[in-house]
Each structure stands twice: as C-alpha cells, then as structure tokens.
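1. Please work out how this folds:
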Amino acid sequence: MNLMLPRGSVEDGLIEAIEDYSNQNIFACNQCGKCTASCPFSFSPQQVIRLLQIGDVERAIEVDTTWECAGCLTCATVCPKNVNPARVMRLLRTVRAGPLANMVQAGQLGDGRQYMAAAAQQYRAHGRSLRSKFFANIHRISRVASATAPVSNWLLRIPGAGFAAHHVLGIHKARSLPPFASISFPAWFRQHTPVGDGHRGAVILFHDTFMDFDSPQVGVAATELIEAAGYRVELSDTVCCGRPMISKGFLDRAAEHARVNVERLYEPASKGTYVVGCEPSCLLTLRDEYPELLRKTQLLDKAAVVAQHSLLIDEFLVMLAERKELELSFKAAPDDARPLLFHGHCQQKAFASPAKTISLLNQAGYRAELVDAACCGMAGAFGYEVEHYETSKAACARMLLPALDARPDADVAVMGISCRKQIAHFAGREASHVAEMLRKAAVIPAPRA
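-> Got it, this is the predicted structure:
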C-alpha cells in the first residue's frame, strides 16, 4: 500500500513553485513505480518525485537520477496519472540560473541556502560547462562546419581528434560527430525545380539543423514527397528549435528561440498552413515545449496556434490519406520485397503515433513492423557523453539490438537522427529516415519545365 501525503503536510512554497514552472501535479503520483520499472537507463524517477512529495527538495536535487536523466520521456508515457518526471527533473537541473533560483535570491521562497548549495554541488559533480555549451550551440557549430566541409570533416577524423574531444569536451572517444554536408539543404532547395504545380497551396517545411547540415537527403525526400502530393513547399524562416538548449538546461535561451519562431510561424499557421518537419525532437518541440516555455507570456495563444498546425511528415501524409486527399501514389511493391523494421523515436512515442508511420509505410508497399523496444540509448547528446557511454550502450542492448539481430534480413527505418546514429554505431546497420523510404516507393513526377 502506498502512503500518500496531503499537500498541507509539506512546505508548499518551493514545491508549488516547482509544480508551477514544470506544469506538473507532483501529488498526482501514487508511487506505482511504472516510471522506474520502464526507464531504459535503470534510473529512479519515482524516487525524485517521492522526495518532492515529502518536501525534501535538497535530497531530490542530490539524487543522481535528477542529473543523469536522458530526457527520453519513457517515464511520462507510462505514467497512469499523466505526471512527467523528466520535466520536473529538468527544472531541478536549472536551479542555479533558472526561475527557482531567481525566486530564492529574491527571498520569495524563504531561506533557500541549503537548496542552492545542494544544486551547486551537484552541478559541479555532473555538469560540464564547455560540453553543455557545445551541444546547446550545435546549430551554430554545424553551420560553420558545413560551410567549411570537407575540411571540417577531415579535422574531426585526424589522429588525436577523438582523444582531444574525450578529454577536453567529454565526448566519448568511441563516438564521432556525423559528417557535415558540403552542400546544405537550403542551398539545394534554392536551386531545385519543384516536381509539382503546388495547386493545393503551401506547406511550411520546418528545416532543422540536422536536415540542413548533416542529412540534406532527408529534406530533399520530404520536399519531393510534399510537392508530389500537390503542395508548394516553403522553407520556414526560423532559428534553431531550441531543443539542444532545453536538454542542456538553457531554458531562457530556448524561450528566446521559441519567441522568434512563434512570431514567424504564427501568421501562416493562423491561416491554416501546416508546418511540417522530419526530426521528431525538433518539430515536436514546437508542439509540446513552446506552449510551456511561453506559458507566462503574451505569446501563449500564438504558440498554441503554431502547435496545432505543426505535424511530422508522416502525420501530415496520414492526415491527407484519412481525409481521402492524398494525391501521392506509390509503385507496386515487388513480391520479394524485404521486410522493414521501424523503430519509434522517443518524442514520437510520447507526443505522436508510431502506428501512423507503420500504416503509411504499409500503404507505400512495405512490409513494415514496429520494433518492440524502448529508447535506443542515444537520447540526443546523452550517448556521446563520456560518463554516459556505457549506460547508452546498455540501453541499446536491452531491447533494440536483440530485435535488430533477430531480423538481419530487414531494412531499418527511423525518424530521429540520434536513433539512426546509435543503430549504425552499435548494430553496424544503416537506418534510413521514413521520408527517404517513402520517397523511394513514391511515384514522383518530372520537375516542371
């Protein structure tokens, strides 16, 4: 039997602030343990929430899980009470320079010296300032590296580069950053000739950092699919979605990016134009994080409109199919077509529907199956980090690797770039983006003259 404490039995001021800024009802948790049992990394989010329930914020900050959490959101997807421990722990990690720290320093939460001291101590033990800044600014680094490719790619692979990254940045020496494209996706887009006439109107393609500078072929495939479906593709006039900043605790900077993007996307979204993206962690930031980041601002209503009109490319195409409006057609599948294994990205499983992806792939003629596996273990930058490499490997080996090893005859499709890199690293298999697989199967008209 679980012992639940009423709100009045704990010191409410700080707990209420944590609930407010994370937008979570901590006391809804009944300590069923599903979050801890399902965590791919064997962490204990249940323990963190319990400590907050009894008012022990200092110990909640000191628990390793608070700082080691990969943010895969598996805990949120299994919670029967709709509590998101990952979001709570993310807020606790920002206490040194976040809204709670400001409230403590202003005297609004009483004497918070022990609380702040615990946060500072844990930050020193777990935080790596230079690496955090590196990953939070990956959009800027990627832009420069792509503009200087192939020299930048050569520098990443010269003898000693991995050793330096390991000891200076804290990026595990067994990992290597994805190669940067010498021709970025926006550069390709400016020169390309549309394959359709755009008679159905415009679609805003939310081109993320990885599409632009690492995997432009994903953007090419998405563009041609949308154009073949009868739409005119327009590239979004946006900055980085802010997801890398969110994951590294730079919530204020992420909110700045959210403000810019909402202001620029609101007008087309308010007119019914859809914002379509290919990277789940980026596109779903618009849908899940922006209303939270801007909840206390005048942009909340605009953020909600943008969120309502933001779709992953598979969601967009499935929506058209359900409305009987999908003009895209697919080639007849050969009788000897290989089976296709689809691994769902964590954000996709939390805020979208991998089942829709499977339905679309089958409609395109593939024999698609959903891999029964939790997080691949990469979780953004988590799997790159020295202290998390073995944990990342263990999470991958838990369910995903056995599922892939059992089907050596199958092709592999994944939406997220982190998952694709993890599969290549540990399984030695190439995984394609769903847009690439759909483009391969689709009947694409010749470009307009």
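
2. how about the strands of this structure, start to end?
-> 202-206, 232-235, 275-277, 310-312, 339-343, 367-370, 411-414, 431-432 (DSSP state E).

3. Minimum distance to Ser146: which of those has it?
-> Ranking the strands of the chain by their distance to Ser146 (criterion: Cβ to Cβ) puts strand 232-235 first, at 15.8 Å. Where you see a C-beta, it was placed from the backbone N, CA and C, and this is true even at glycine.

4. Please name every helix or strand in contact with that closest one.
-> With contacts taken as 3 or more Cβ pairs under 8 Å, 6 or more residues apart in numbering; DSSP states H and E, strand 232-235 sits against helix 185-191, strand 202-206, helix 216-228.

5. Residues contacting the last one, please?
-> Contacts of helix 216-228 with the rest of the structure, by Cβ atoms under 8 Å, 6 or more residues apart in numbering, involve 181, 183-185, 188-189, 192, 194-196, 198, 203, 205, 207, 210-212, 233, 276, 278, 313, 316-317, 327-328, 433, 435-436, 438-439, 442-445.

6. before we move on, what about the first one?
-> Surrounding helix 185-191, the residues in contact under the criterion Cβ under 8 Å, 6+ apart are 207, 211-213, 216, 218-220, 223, 233, 235.

7. Which pair in the residues you listed has the greatest spatial separation?
-> The widest separation within the contacts of helix 185-191 (Cβ to Cβ) is 18.8 Å, between Phe213 and Val233.

8. Turn the helices and strands packed on strand 232-235 into JSON lines, columns for mean neighbour count.
-> What follows is those, written out as JSON lines (neighbours: other Cβ atoms under 10 Å):
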{"stretch": "helix 185-191", "mean neighbour count": "15"}
{"stretch": "strand 202-206", "mean neighbour count": "23"}
{"stretch": "helix 216-228", "mean neighbour count": "23"}
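
9. As JSON lines, the ones you listed with distance to Ala395 and mean pLDDT would be great.
-> Output for the helices and strands packed on strand 232-235, formatted as JSON lines (distance: least, Cβ to Cβ, whole Å; pLDDT from 0 to 100):
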{"stretch": "helix 185-191", "distance to Ala395": "30", "mean pLDDT": "97"}
{"stretch": "strand 202-206", "distance to Ala395": "28", "mean pLDDT": "98"}
{"stretch": "helix 216-228", "distance to Ala395": "24", "mean pLDDT": "98"}
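
10. Compare those and give me the one nearest Val305.
-> Among those, strand 202-206 sits nearest to Val305 (Cβ to Cβ), with 13.0 Å.

11. all helices for the stretch 301-449 of the chain, in order.
-> Assigned by DSSP state H, counting those that start in this stretch, the helices in the stretch 301-449 of the chain fall at 313-322, 346-351, 354-363, 389-398, 400-405, 417-427, 434-441.

12. any chance of those helices in TSV, plus distance to Glu256 and mean neighbour count?
-> Listed next are those as TSV, based on distance: least, Cβ to Cβ, whole Å; neighbours: other Cβ atoms under 10 Å:
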stretch	distance to Glu256	mean neighbour count
helix 313-322	27	20
helix 346-351	21	23
helix 354-363	32	19
helix 389-398	30	19
helix 400-405	35	18
helix 417-427	24	22
helix 434-441	29	23
